[in-house]
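J.: quick one, structure for this:
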Amino acid sequence: MQVKKALDHMSVGVCYYPEQWPVELWEDDFRRMRELGITNVRVAEFAWSIFEPEEGVYSFELFDHALELAHKHGIQVILGTPTATPPAWLTTRYPEVLNATFEGVAIQHGLRRHYNYSSPKYRELSASITRKMAEHYKDHPAVVGWQIDNEFNCETKEFYAPADHIAFRGWLKAKYGTLHALNKAWGTVFWSQTYTDWDQVHLPRMTTGGRQPNPHLALDEKRFISDNVISYARIQADIIRETAPRHWVTTNGLFGGLDNHRMTGELLDFFSYDSYPQFSTLNHNPDEKDRLADRGWSQTLSVVRSISPRFCVMEQQAGPGGWVNRMDMPSPKPGQMRLWTYQSIAHGANMVVYFRWRTATFGQEMYWHGLNDYHNRENRRVREARWIGKEIAAISERAANTTYAADIAILRDYDNEWDGEYDVWHGPFAWTSGTAWFKALQYRHVPCDIRYINEQTTLAELQTYKTLVYPHPTIMTDKTAALLEQYAREGGILIFGCRTGYKDEKGHCYMRPFPGAAAGMCGISVEEFTMVKGSREPVSMHWQETGELAEAVTGADDFNDILHPESDSVEVVAAYNSDYYAGKPAVTRNRIGKGEVWYYGAVFNRSAAEQIIDRLGIASPVRDWLTLPQGVELAVREDANGPLYFLLNYGEEAAVARISKPMRNLLTDRQLQGEFEMEGFGVVILTEAL
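T.: Take a look at the predicted model:
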């Protein structure tokens, strides 16, 4: 793997589409890119019809010329395999490559990502174009790496073409071996769903209740789709590694239905992400008090960091964005593009590639603006990019080898995410609780990781954190439970929420007292549980006074587990205030070994998370010398030379901070001490004073 080769320094790049512009513009484009400090470009990810205008006929002249000019101006090239947009000749000649809707209707040529991963013909043709490109460019001096496809599972993460049903059966045969084992895993004795022939088995289809498949089938569907994407991506990765071994391999995205951790570990040198913070702004309720807005994008960047501690942002928002018929995002205000760039860097990005160099004058994305506008004249965004390029070049030597540092992590896993897409008895809770914890930590300036856990996770990996929050791990194997219990016994702090541990890996409910696999370490059982919705009045919980902390009341939102201590080591921290279970335990703390396990019987809100944070004494790593306003994010990257403290002001107004010891702003090389002002959308990177 060549992650060090690719990301051993910080760099700025841009997405470029020479096929969309007159050749007379190319050299001036590359010259101006270098003037802005841009050192790499991504090209060709949608250009299959250029490279192969008809089946078996290949043409490289257009991109040969573009790459020669890039090399002339000292710009490195990331080549995209163009398989996200199969050409019209392909889909016309081989309609079996097209995806299909849930109802089985073929999705026709047009837009992009209209293919399915299962079609043997599409796999064959994808392999051919990848091999031809790799053979042609394996020794090109400008080419340094490859992006496989573009945004796997974007547009759709569901596939119902005939080839997908066939591939699903093959996947199930490999997983279960026999129909007897499949029937047992899916519980098909329920409602007489038992299969007696493999041809009876399909991906989910329309039922009498509409779209309501067997829940265990639905879970295996998600696992199949992920494995199918990875097997498709493997075809391209293997060809590139065999043919162009000097080049690194990545892909971009972070879409549903795909185990990006496994794909990266098995196929890629590092993961890449497409960062558009205004999607976060649009997806938050504008009436919400203290909403994270585009600062919430840091939560997603934390997920990316869990895949690759250092990563690439292959598309960084550079302007207003949207398609002709949807996604109408406003223009970034002065300083926001720089802020978002450092947001990506603070969370682990060492390569940031702006989307795009110049705004397209035609097509679905002609309003998805890049650095340059249609007129190609200097504008505010270009000037801001020049500023960023100079800064990144100046700080690269000091910052490039650092990685994000956090003592607390929010745990996630794919099985629960996928199961929760269908199961409304736990699925909707994960995002709510994760965001509540992230927000509580953000506003207290406590850096936080998001960490995915699986059957291969080790104790040593978990022990890099003092505290783990696993909000609603409904599916939990005994193996995972044993690992988590060992983490706690050896000194870790583990925090669960309601609906923990009561399902096995098949999605079956254990015939054990809740919280099932987690019951032993929690020292409790769930006496009863209820949804809190509809006609049910909201419930609150009362937190006991402890030490310097006064009594408190917080909401017990959405779902309530009524708890019963089973061990003398269990302390009741809070009790329900109302309804028929008033006075019953709502939050417990079980001290085991050197550590402790908490159980919170509801869906987390920010106030409840803050109660636990206070009772555990979790505090910001800068609490002794730096005072920050709530609107400024703190992120820490560190290496053997010490920490770098990223301060990101998401407000349009200036923010005032105070340092009680001399520190240096890495971006300006100036010393700071005492009170100082950060401009609106401003960025400061603090390091020890010289």
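
J.: using the three-state scheme, assign residue 74.
T.: Under DSSP: H, G, I helix; E, B strand; the rest coil, the three-state class of residue 74 is coil.

J.: which residues of the stretch 501-650 of the chain fall in helices?
T.: For the stretch 501-650 of the chain, the helices defined by DSSP state H, counting those that start in this stretch occupy 519-522, 606-616.

J.: next one: the stretch 201-350 of the chain
T.: Going by DSSP H, counting those that start in this stretch, the stretch 201-350 of the chain shows helices at 215-243, 260-267, 277-282, 297-307, 336-346.

J.: worst mean pLDDT among these?
T.: Mean pLDDT across those is lowest at helix 277-282; the value there is a mean of 83.

J.: and it, what does it pack onto?
T.: Here helix 277-282 touches helix 297-307, strand 326-329, going by 3 or more CB pairs under 8 Å, 6 or more residues apart in numbering; DSSP states H and E. Quick note: C-beta positions are derived from backbone N, CA and C, even for glycine.

J.: now these as TSV including distance to residue 88 and mean neighbour count?
T.: Compiled in TSV, the helices and strands packed on helix 277-282 are given as follows (distance: least, CB to CB, whole Å; neighbours: other CB atoms under 10 Å):
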stretch	distance to residue 88	mean neighbour count
helix 297-307	34	22
strand 326-329	24	13
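
J.: JSON lines for these, including distance to residue 356?
T.: Below are the helices and strands packed on helix 277-282 laid out as JSON lines (distance: least, CB to CB, whole Å):
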{"stretch": "helix 297-307", "distance to residue 356": "19"}
{"stretch": "strand 326-329", "distance to residue 356": "14"}
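
J.: tell me which of the helices of the stretch 201-350 of the chain sits nearest to residue 320.
T.: Checking the helices of the stretch 201-350 of the chain against residue 320 by CB to CB gives helix 277-282 as the closest, at 8.5 Å.

J.: what's the spacing between the closest one and its chain's center?
T.: 14 Å (CA atoms, centre = their mean, to the nearest Å).

J.: what do you get for stretch 250-266?
T.: Per CA atoms, centre = their mean, the centroid offset for stretch 250-266 relative to its chain is 9 Å.

J.: endpoints of that stretch, how far apart?
T.: Taking CA to CA, to the nearest Å, stretch 250-266 runs 11 Å from one end to the other.

J.: buried stuff in it?
T.: For stretch 250-266, a neighbour-count test (16 or more other CB atoms under 10 Å) marks 250-255, 257-264 as buried.

J.: so who does the residue lying closest to residue 132 once chain neighbours are set aside touch?
T.: Spatial nearest neighbour of residue 132, excluding adjacent residues (CB to CB, 6 or more residues apart in numbering): residue 58 at 5.3 Å. The contact partners of residue 58, by CB atoms under 8 Å, 6 or more residues apart in numbering, come to 51, 52, 132, 136.

J.: centroid-nearest residue for the chain?
T.: Most central residue of the chain, judged by C-alpha distance to the mean C-alpha position with CA atoms, centre = their mean, is residue 303 at 4.0 Å.

J.: that one is in contact with residue 450, isn't it?
T.: Yes: the pair residue 303 / residue 450 is scored as a contact, 5.0 Å apart, by CB atoms under 8 Å.

J.: returning to that earlier point: among the contacts of residue 58, which two are most distant?
T.: Once CB to CB is applied, the contacts of residue 58 give 52 and 136 as the farthest pair, at 11.8 Å.

J.: looking at these two, which one has more neighbours?
T.: residue 52 (22 against 18; other CB atoms under 10 Å).

J.: what about that one, distance to residue 90?
T.: 8 Å (CB to CB, to the nearest Å).

J.: show me where pLDDT drops low in the stretch 551-690 of the chain?
T.: Within the stretch 551-690 of the chain, not a single segment meets pLDDT under 70.

J.: where along it do the strands fall?
T.: Taking DSSP state E, counting those that start in this stretch to define them, one finds strands in the stretch 551-690 of the chain at 552-555, 559-565, 570-576, 585-592, 595-600, 626-627, 632-639, 642-649, 655-665, 670-678, 683-688.

J.: ok, the stretch 401-550 of the chain next?
T.: Using DSSP E, counting those that start in this stretch, strands in the stretch 401-550 of the chain cover 403-404, 408-412, 448-452, 467-470, 493-496, 524-531, 540-543.

J.: got the domain ranges for this structure?
T.: 3-167+246-398, 408-616, 626-688 (automatic domain parsing).

J.: now the ones you listed as TSV including distance to residue 179?
T.: Formatted as TSV, the domains of the chain follow (distance: least, CB to CB, whole Å):
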stretch	distance to residue 179
domain 3-167+246-398	16
domain 408-616	15
domain 626-688	52
